[in-house]
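> For reference, the sequence and a predicted model appear below.
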Amino acid sequence: MTIYSLPEDCFYEIFKHIKDDTTVLYNCLFANRFLCRIIIPFLYQNPFSVVNGGLRQYYCLTRTYLSCLDEEERNHLRKHFIKFPQVSNSLFDYAKYLEEIPNLTIAAECWLIFLNHSSEKKIYINYNEYNKQLDKGKKLILQEVLFHLFLRKIKNCKVLNIQANLFDKSIFNIRFFKKIISHNSSITSLRLIISEEEINESNEELFFKFISLLTKKCFDIEELENFKSVSLSYPNDRSLNDLIKIIEMKKHTLTTIHLDNSYNFINQNVFKAIANCEKIEKLEFINVKGLGLLKTREIFCNSTFELKELTNLYDRLTPFFHIRLIRKFGHSLNRLSLYKVTQLAVRQISEICLNLKVLQIVCKDINLSAYQYFKNMKIEQLIIYSEEHLLSNYYSNIFKCIAENLPGSLTTFTIYIKDPNSIFLSENNCISYDNLEMFLTHYKVGLKTLNCNFNLRIENIEQILDHVKKRKALRSLGIRSPPGFLWFDNDRVRVKQLLNEIREYDIEIHTIKNHFSP
């Protein structure tokens with residue numbers, strides 16, 4: 001059977017079912033033009049989501065999209081002396097395939113940094129320093145132009161990230177919004193980002209006019225059957241009032257609500273609106289002030305939704321909030337992420353959250369006796385996050401307690417150490433030999449996956465290899481990315497040899513993103 005024996009729509013359906021497997025898609029991409037034409041739209045539906053710490057990948061993606069600019073957008077960059085690729089006759093209109101407009105900050109940073117620095121290795125090592133040297137005005141202009149491009153081209157937007165500081169009147173206006181927004185009626189997720197440090201009165205007014213169009217005039221958000229997720233960053237009183245209206249209008253369909261980085265206490269009416277929703281499955285609160293002062297029990301007493309995921313990171317009084325939510329919704333929780341965990345909270349999780357599969361907590365100020373409650377849990381994944389270095393004897397005791405009390409159901413364990421400002425290998429951003437050995441020696445459960453989300457030294461890799469030889473259950477090893485193994489400049493051959501020896505025991509080695517950042 002030749003490749004052309006099947007009609008094009010059959011190939012479309014085939015690739016639609018494997019669209020998340022980018023390796024397979026890329027392998028088929030260069031087979032011929034026929035397959036290329038079918039595959040490219042899938043690869044560019046959400047390309048930023050598959051960038052695994054590769055700064056050059058961000059640069060290349062940004063270059064691709066900058067080649068799609070129209071004359072107005074190019075003139076806007078020229079006016080501010082920002083370089084962009086020469087106009088080329090591209091085979092595809094890449095921007096129109098996007099289904100998610102992402103946060104464009106990293107894309108703009110990578111483009112401007114790579115223009116001035118050719119050494120990829122130096123960029124990885126000095127990224128934070130180079131970023132501080134960037135012209136903030138140029139970075140903002142580049143983000144505005146990319147945002148304008150995506151809004152102009154996108155035809156099937158499902159996830160919309162909106163930054164209020166990008167609404168520059170010199171490039172955006174209400175007529176533009178009315179023209180483009182009517183083509184996008186399939187939005188399922190809306191994220192609003194309002195940073196008071198970067199927004200001015202003019203930008204804010206245009207931003208809220210856009211939100212008004214989005215929620216009332218163009219889409220009639222009440223008629224969007226698939227609208228399921230809303231997110232708000234840096235909320236103020238005005239945006240919170242809009243959020244309440246959205247929640248009240250979509251209380252029958254909303255499944256996910258996310259709030260982060262509030263400057264002031266959140267209006268209690270927001271939580272009353274959430275409590276009246278019918279299908280909420282996921283609540284995320286990150287750096288939200290005043291949660292502990294809410295009358296949580298009264299607000300949620302009549303809620304009927306079955307909460308599956310709860311994230312509550314940062315807040316001085318946060319234990320009072322999430323303990324009450326655990327008592328109310330713990331029976332249905334599958335995933336729980338908490339910043340400040342008390343012994344009472346750990347005990348209640350073990351007693352109430354009987355369907356919990358994933359637990360993610362910060363290892364800070366927890367009484368050692370609290371770890372005994374882990375053993376009674378039925379979790380399959382445990383992620384421990386540390387804000388401090390793991391060299392002290394104090395952490396040695398913690399690792400021993402954790403190892404000895406891991407539940408028998410556990411298959412995946414992750415140790416996450418906060419990413420330092422510099423990625424140079426130092427004593428403070430590695431785990432000590434003794435502390436890692438304490439964990440590897442004392443855990444008895446049959447872990448399938450061990451994720452080491454911290455900087456490794458050669459002696460740590462040797463420890464893991466020795467452990468693999470003794471314990472045959474392990475099948476997957478995760479290592480932090482970025483930046484790969486830049487730490488081992490003088491020992492790359494030895495590192496490669498050790499990793500290959502680990503692979504000989506049928507263990508897959510993969511890189512893991514730094515996604516958990518309380």
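Yep, that arrived.
> can you dump the C-alpha coordinates of stretch 368-380 into PDB?
Output in PDB follows, covering the C-alpha atoms of stretch 368-380 (Å, rounded to 0.1, in the frame of the first residue of the first chain):
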ATOM      1  CA  LEU A 368      10.100  14.900  62.200                       C
ATOM      2  CA  SER A 369       7.400  12.900  63.900                       C
ATOM      3  CA  ALA A 370       5.000  14.100  61.200                       C
ATOM      4  CA  TYR A 371       6.700  11.900  58.600                       C
ATOM      5  CA  GLN A 372       5.300   8.800  60.200                       C
ATOM      6  CA  TYR A 373       1.900   9.600  58.700                       C
ATOM      7  CA  PHE A 374       3.200   9.100  55.200                       C
ATOM      8  CA  LYS A 375       3.300   5.400  55.700                       C
ATOM      9  CA  ASN A 376      -0.500   5.300  56.000                       C
ATOM     10  CA  MET A 377      -1.200   7.100  52.700                       C
ATOM     11  CA  LYS A 378      -2.100   5.500  49.400                       C
ATOM     12  CA  ILE A 379      -0.200   8.000  47.300                       C
ATOM     13  CA  GLU A 380       1.700   7.000  44.100                       C
END
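> buried residues in the helix or strand harbouring residue 144?
Using DSSP states H and E, residue 144 falls within helix 136-153. For helix 136-153, burial by neighbour count (16 or more other C-beta atoms under 10 Å) applies to 138-153. Glycine gets a C-beta too; all of them are placed from N, C-alpha and C.
> same check, this time on stretch 109-123
Within stretch 109-123, the residues scored as buried using 16+ other C-beta under 10 Å are 109-114, 123.
> what does stretch 15-31 give?
The neighbour-count check on stretch 15-31 (16+ other C-beta under 10 Å) flags 15, 19, 22, 25, 28-29 as buried.
> Please save the CA atoms from it in PDB.
Only the C-alpha atoms of stretch 15-31 are listed here, as PDB (Å, rounded to 0.1, in the frame of the first residue of the first chain):
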ATOM      1  CA  PHE A  15      -1.700  12.300  13.500                       C
ATOM      2  CA  LYS A  16      -4.400  13.900  15.600                       C
ATOM      3  CA  HIS A  17      -4.300  11.000  18.000                       C
ATOM      4  CA  ILE A  18      -0.500  11.100  18.300                       C
ATOM      5  CA  LYS A  19      -0.100  14.900  18.200                       C
ATOM      6  CA  ASP A  20       1.500  15.000  21.700                       C
ATOM      7  CA  ASP A  21       4.300  12.600  20.600                       C
ATOM      8  CA  THR A  22       6.500  15.200  19.000                       C
ATOM      9  CA  THR A  23       9.300  12.700  18.400                       C
ATOM     10  CA  VAL A  24       7.100  10.600  16.100                       C
ATOM     11  CA  LEU A  25       5.800  13.800  14.400                       C
ATOM     12  CA  TYR A  26       9.300  15.000  13.700                       C
ATOM     13  CA  ASN A  27      10.300  11.600  12.400                       C
ATOM     14  CA  CYS A  28       7.500  11.700   9.900                       C
ATOM     15  CA  LEU A  29       7.800  15.400   9.100                       C
ATOM     16  CA  PHE A  30      10.600  15.100   6.500                       C
ATOM     17  CA  ALA A  31       9.200  12.000   4.700                       C
END
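> which residues sit against it?
If you take C-beta atoms under 8 Å, 6 or more residues apart in numbering as the criterion, stretch 15-31 is touched by 3, 35-36, 38-40, 42-43, 45, 50.
> Specify the angle between the helix or strand immediately after the helix holding residue 144 in the chain and helix 136-153 in degrees.
Using DSSP H and E, the helix or strand that follows helix 136-153 towards the C-terminus is strand 159-163. In terms of direction (axes from the mean of the first three to the mean of the last three C-alpha atoms, to 10 degrees), strand 159-163 departs from helix 136-153 by 150 degrees.
> my read is residue 416 is in a strand, agree?
Yes. According to DSSP: H, G, I helix; E, B strand; the rest coil, residue 416 belongs to a strand.
> Surely it and residue 362 touch.
No. Contact criterion C-beta atoms under 8 Å: residue 416 and residue 362 do not qualify, at 9.3 Å.
> which residues do these two both contact?
Common contacts of residue 416 and residue 362 (C-beta under 8 Å, 6+ apart): 385-386.
> and stretch 148-155, what's its mean pLDDT?
Per-residue pLDDT over stretch 148-155 has a mean of 87.
> what sits up against that stretch?
Contacts of stretch 148-155 (C-beta under 8 Å, 6+ apart): 65, 68-70, 73, 76, 93, 95-96, 98-99, 101, 171-172, 176-177, 180-181, 183-184.
> Give me the distance between residue 139 and residue 250.
Taking C-beta to C-beta, to the nearest Å as the criterion, residue 139 is separated from residue 250 by 34 Å.
> Repeat that for residue 495.
Counting by C-beta to C-beta, the gap from residue 495 to residue 250 is 51 Å.
> For the stretch 1-150 of the chain, which segments count as strands?
Under the criterion DSSP state E, counting those that start in this stretch, the stretch 1-150 of the chain carries strands at the ranges 100-101.
> Could you pull out the helices in it for me?
Assigned helices in the stretch 1-150 of the chain, in chain order: 8-17, 22-29, 33-43, 55-66, 71-79, 105-116, 120-125, 127-133, 136-153 (criterion: DSSP state H, counting those that start in this stretch).
> Let me have those helices in TSV, extended by distance to residue 458.
Below are those laid out as TSV (distance: least, C-beta to C-beta, whole Å):
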stretch	distance to residue 458
helix 8-17	42
helix 22-29	29
helix 33-43	37
helix 55-66	25
helix 71-79	46
helix 105-116	30
helix 120-125	19
helix 127-133	24
helix 136-153	38
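> closest one to residue 408 among those?
Of all the helices of the stretch 1-150 of the chain, helix 22-29 sits nearest to residue 408, with 33.9 Å by C-beta to C-beta.
> Give me the mean pLDDT for that closest one.
What helix 22-29 shows for mean pLDDT is 84.
> can you check stretch 72-80 too?
Here the average pLDDT along stretch 72-80 is 91.
> Any chance you could list what contacts it?
Residues outside stretch 72-80 that contact it (C-beta under 8 Å, 6+ apart) are 69, 83-84, 87, 137-138, 141-142, 144-145, 148-149, 170-171.
> Quick one: distance of that stretch to the chain centre.
Between the centre of stretch 72-80 and the centre of its host chain there is 31 Å, according to C-alpha atoms, centre = their mean, to the nearest Å.
> Could you do stretch 147-157 as well?
Worked out by C-alpha atoms, centre = their mean, stretch 147-157 lies 22 Å from the chain centre.
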